[in-house]
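Peer 1: test case, fold it:
(one chain, ligands or ions: 1)
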Amino acid sequence: MKKIGVLVSGGGTNLQAILDAQNSGIIKSGKVSVVISSSAKAYALERAAKAGIPGVCVSRKDCVSKEEFEERISGALSEYEVDIIVLAGFMHILSSDFIAKYKNRMINVHPSLIPSFCGDGFYGLKVHEAALAKGVKVTGATVHFVNEITDGGKIIMQKAVCVKEDDTPEILQKRVMKEAEHIILPQAVELLCADKI
Ligand code: GRF
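Peer 2: This next block holds a predicted model:
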């Protein structure tokens with residue numbers, strides 16, 4: 001059984017999808033052992049508490065440097081003996097040193113079909129605003145390994161979602177989460193935990 005560490009910054013619907021998948025048996029080769037949040041206010045921490053999973057807050061503001069921020073995160077990951085890291089709405093770019101330490105053991109979910117609408121500056125609603133501005137008829141989500149290029153690591157899984165005529169960025173964001181992110185992220189987590197990728 002692999003120990004999973006989930007890094008979050010916000011609402012934590014992807015964390016919830018992982019926890020639900022654990023309960024329903026979609027994830028059976030791993031177990032979330034800690035949730036690390038970069039914000040004390042993140043609702044994701046409440047979701048962790050409700051599920052009886054330890055939550056740790058490491059705020060960038062409380063650290064004098066990025067090095068200290070990452071050291072504290074690494075400290076929590078070692079304390080809980082984490083094997084696999086899932087970035088689920090984690091809003092910070094990690095250094096190449098940190099990334100190298102968890103090579104092939106850290107994955108991220110991005111709300112577009114990479115290589116469209118990804119890379120530096122494409123996060124949150126901005127991704128969906130860009131998709132609507134371009135007028136694409138299909139978008140989706142991607143789960144990929146994390147490497148030193150933002151959203152540039154090897155693709156593990158993708159799922160397409162149709163764009164509708166009167167979509168707003170908010171409506172599209174919700175549909176991409178529900179129909180793609182929340183489905184492929186748990187599936188990818190299981191594949192990684194089961195050593196199938
Ligand atoms: C998701 O859209 C995810 O793809 C992106 O950040 C958002 C996080 O949402 N990386 P949540 O906190 O999981 O609800």
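
Peer 1: in the chain, which spans are strands?
Peer 2: Secondary structure of the chain (DSSP state E): strands at 2-8, 30-37, 55-57, 84-87, 106-110, 138-145, 155-162.

Peer 1: now check the last one, is it near the ligand?
Peer 2: It stands for strand 155-162. No. Strand 155-162 lies apart from the ligand when judged by Cβ under 6 Å from any ligand atom; the minimum separation is 11.9 Å. C-beta coordinates here come from the backbone N, C-alpha and C atoms, glycine included.

Peer 1: buried residues in that strand?
Peer 2: Neighbour counts using 16 or more other Cβ atoms under 10 Å place 155-159, 161 of strand 155-162 among the buried residues.

Peer 1: buried residues in the longest helix along the chain?
Peer 2: Taking DSSP state H as the criterion, the chain has its longest helix at helix 66-79. For helix 66-79, the neighbour count (16+ other Cβ under 10 Å) marks 69-70, 72-74, 76-77 as buried.

Peer 1: next one: stretch 33-42
Peer 2: 33-39, 42.

Peer 1: need the pLDDT of the most centrally placed residue in the chain.
Peer 2: The centre of the chain sits closest to Ala88, judged by Cα atoms, centre = their mean, with a distance of 2.1 Å. Ala88 is assigned a pLDDT of 98 by the prediction.

Peer 1: ok, and the closest non-adjacent residue to it?
Peer 2: Counting by Cβ to Cβ, 6 or more residues apart in numbering, Ala88 lies nearest to Asn14, which is 3.8 Å off, once chain neighbours are set aside.
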